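In: coords please:
(one chain, ligands or ions: 1)
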Amino acid sequence: MSSASMPRSVKPSTLILSLVAGLVGGIIAHQFSDVTWVNAFATHILPPVGQIFLRLIFMIVVPVVFSAIVLGIYELAEGQQFGAVARKTLFWTFIFSGISVAVGVTLVNLVQPGRIVKIDMGIAAQSKDLLSSIAANASSGKSFSQTLIDIIPRNPIEAAVKALDGEMLSLMFFALAFGFALFQTTGRPRTVHAILKELFDVCLYLMSWAMKLAPVAVFSLTFGSFYRSGLQLLVPLGAFVLVVVGGLLFQMIVVYGTALKLIARKSPVEFFRQCQDLMLYAFATASSNASLPHSLQTAEKKLKLPPRISRFVLTVGATANQNGTALFEGVTVLFLAQLSGVHLDLTQQMTVVGMAVLAGVGTAGVPGGSLPLVMVLLQQLGIPPESLGLILGIDRLLDMCRTVVNVTGDLAIATIVSHGQDPLADS
Ligand code: ASP
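Out: Predicted coordinates for the structure are as follows:
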């Protein structure tokens, strides 16, 4: 499919306008939530638009993940580049995640938000239902060896069905194996390769239809998030929010900016300009998976990265490279420990860093995907798991912010790994 036949994407300025209108509108409407028509508008009329948009995107995520990984692996194997690209991707994933959690943990120790914040513990009780559903997910927490075993799906169709509910790694494993086998058995592009290529192009084309709804969907999603939570928890939890957001900004501007400049020789300003509408979109949807089709397009059309590399790095990264989430998980665990009066010594804090890096790999790229993992970390460290309820009211806003870092981090790694590759060498 020629790119000429792709409908034009929405202008970033339109998306910014929708986002700001949603943000301001949601905050104002929150103050009037007892007015019947405001409540009806915010809970019944507006949300379906955002939900329809998200579903239009989610519906293509499974075929996009499968076709992008198979094509990526096939083409990397063909160019004898798979080993190098996979090694570099893994290396940067752990480096960026490690730095990200270290930044968060340092800030949380410096600022000590758990000692500053004065919050009514009754807030946790208000989130009882949500907490028990998170706990149900968390208690399905398995041993490390079982987690590893489960990456290999018993039934790839089942893995595809449950991909958006946390089985994405299994689907990715199947696609990875399939891509290699396809290369080994056909040796050169043939029917299955051509079909998957068309499947991939058609899915991105479908996404461009969904994107027509983007301005009103971004408004609806942002409005909904701010309408539900308002800003009243921002003040009592201010120190915690500042640590999370400050850490995320540091990771994004300083860590990615420096790495892009020094390693990929790419101007960070240009990089962020090219990624700006993707970042807005990640903010509004709070989902790396929903942002994946858009990331793939940004990598190919704006950053001009070689598709065989960006398809592999971004698809794997949408689930496995979640720097913002890893930072959030580390900060939240330490914050709740401070708040609950649980002292964690240096070794335990190092354990938190390691666990948060790994938890970032296992987090589903959907809104709130990290919460069950935070609960597992709390349980393992002897911090009351119900203390998570204290931050649930503010989580969606933080989720929007950390998803921006997750998605931008994937593109930063794709840019670094692609450095020195010839984009024209791809079909
Ligand atoms: N919403 C995040 C993402 O999709 C995951 C999380 O941190 O909850 O990347």
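
In: Next to the ligand, which bits of this protein? Give me the list.
Out: Applying Cβ under 6 Å from any ligand atom, one finds that the chain approaches the ligand through 286-288, 322, 325, 363, 365-370, 399, 402-403, 406. From N, CA and C alone the C-beta is placed, and that goes for glycine too.

In: Return the item of those having minimum pLDDT.
Out: On pLDDT alone, Thr363 ranks lowest of the residues of the chain next to the ligand, at 82.

In: so that one makes contact with Val374?
Out: No - Thr363 is not in contact with Val374 according to Cβ atoms under 8 Å; the separation is 9.5 Å.

In: what sits in contact with each of these two?
Out: Glu329 (Cβ atoms under 8 Å, 6 or more residues apart in numbering).

In: Please flag which of the residues of the chain next to the ligand sit within strands.
Out: The members of those all map outside strands under DSSP state E.

In: in this structure, which residue is closest to the centre?
Out: Centroid-nearest residue in the chain, with Cα atoms, centre = their mean: Ser288, separated by 3.3 Å.

In: In contact with that residue, which residues are there?
Out: Per Cβ under 8 Å, 6+ apart, neighbours of Ser288: 282, 318-319, 322, 365, 403, 406-407, 410.

In: at 7 Å instead, please
Out: Contacts for Ser288 (Cβ atoms under 7 Å, 6 or more residues apart in numbering) come out as 318, 322, 365, 403, 406-407.

In: Show me which pair in the residues you listed is furthest apart.
Out: Largest separation among the contacts of Ser288 by Cβ to Cβ: Ala318 and Thr403, giving 10.4 Å.

In: Next, give phi and psi for Gly257.
Out: phi -60, psi -50 (degrees, to the nearest 10).

In: Spatially nearest residue to it, not counting backbone neighbours?
Out: Pro268 (3.8 Å; Cβ to Cβ, 6 or more residues apart in numbering).

In: Can you verify my assumption that the one you found contacts Ala259?
Out: No - counting by Cβ atoms under 7 Å, Pro268 sits too far from Ala259 to count as a contact (9.1 Å).

In: Of these two, which one has the most company?
Out: For Pro268 and Ala259, the more surrounded residue by other Cβ atoms under 10 Å is Ala259, and the numbers stand at 21 against 18.

In: From the ligand, how far off is the more buried one?
Out: The gap separating Ala259 from the ligand is 20 Å, by Cβ to the nearest ligand atom, to the nearest Å.

In: I'd like the distance between that residue and Val244.
Out: 21 Å (Cβ to Cβ, to the nearest Å).

In: List the contacts of Phe82.
Out: Counting by Cβ under 7 Å, 6+ apart, Phe82 touches 73, 76.

In: go on, Asp277?
Out: 12, 15.

In: just the helices in the stretch 101-250 of the chain please.
Out: 113-116, 122-126, 128-139, 144-150, 156-161, 168-186, 191-210, 214-229, 238-249 (DSSP state H, counting those that start in this stretch).

In: Output the below-cut-off pLDDT ranges for the chain.
Out: Scanning the chain for pLDDT under 70 picks out the ranges 1-10, 119-127, 136-142, 187-189, 421-427.

In: Give me the neighbour count for the closest residue to Gln349 other than its chain neighbours.
Out: Nearest non-adjacent residue to Gln349, counting by Cβ to Cβ, 6+ apart: Val105, 6.1 Å away. Per other Cβ under 10 Å, the neighbour tally for Val105 reads 21.

In: Does Val105 touch Thr351 like I think?
Out: No - at 11.0 Å, Val105 does not count as touching Thr351 under the criterion of Cβ under 7 Å.

In: What distance do you get for Leu390 to the ligand?
Out: Note on Leu390: its distance to the ligand, by Cβ to the nearest ligand atom, is 17 Å.

In: Quick check on that residue: phi, psi?
Out: phi -70, psi -30.

In: so how many other residues sit close to it?
Out: With neighbours defined by other Cβ under 10 Å, the count for Leu390 comes to 26.
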